[in-house]
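Visitor: Need a 3D model of the sequence below.
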Amino acid sequence: TAAGRARLIAGLDDFGRFAPGDVLVCRTTSPAWTPLLARAAAVVTETGGMLAHAAIVAREFAIPAVLAAEGAMTVLTDGQPVVVDGTVGTVTGTDEETAR
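Guide: Numbers count the residues shown, from 1 in each chain. So this is what the prediction gives:
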């Protein structure tokens with residue numbers, strides 16, 4: 001599990017808003033997204049599976065990943081504190097203290 005602020009990233013133009021320790025929330029990733037994954041506390045994508053780019057890189061960086069989370073980009077709010085549990089596949093909103 002990992003806690004952090006959900007950072008909704010729609011594309012390459014949003015990369016500058018991503019800070020170390022944020023939780024990357026996006027539709028999908030590609031190799032161009034690897035620098036964000038290297039700084040992420042966790043990753044949540046709307047598409048993908050065990051062999052998706054985000055899953056493979058998350059395993060390499062030992063960060064929790066929840067993939068195929070339909071609607072994550074609309075349900076989660078940018079900056080919202082969340083806890084990502086990659087083992088059970090959940091993303092849970094938290095209070096401010098837990099996300100620090």
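Visitor: For residue 40, grab the count of nearby residues.
Guide: Residue 40 has 30 neighbours, counted by other Cβ atoms under 10 Å. The way it works is simple: take the backbone N, C-alpha and C, and place the C-beta from them, glycine included.
Visitor: Report the contact partners of it.
Guide: By Cβ atoms under 8 Å, 6 or more residues apart in numbering, residue 40 lies in contact with 4, 18, 21-24, 61, 63.
Visitor: and these as a markdown table, adding distance to residue 50 and pLDDT?
Guide: Formatted as a markdown table, the contacts of residue 40 follow (distance: Cβ to Cβ, whole Å; pLDDT from 0 to 100):
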| residue | distance to residue 50 | pLDDT |
| --- | --- | --- |
| 4 | 23 | 97 |
| 18 | 24 | 98 |
| 21 | 25 | 97 |
| 22 | 24 | 98 |
| 23 | 20 | 98 |
| 24 | 18 | 98 |
| 61 | 16 | 97 |
| 63 | 15 | 98 |
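Visitor: What residues sit buried inside the longest helix along the chain?
Guide: Assignment by DSSP state H gives helix 53-61 as the longest helix of the chain. Of the residues in helix 53-61, 53-55, 57-58 count as buried by neighbour count, 16 or more other Cβ atoms under 10 Å.
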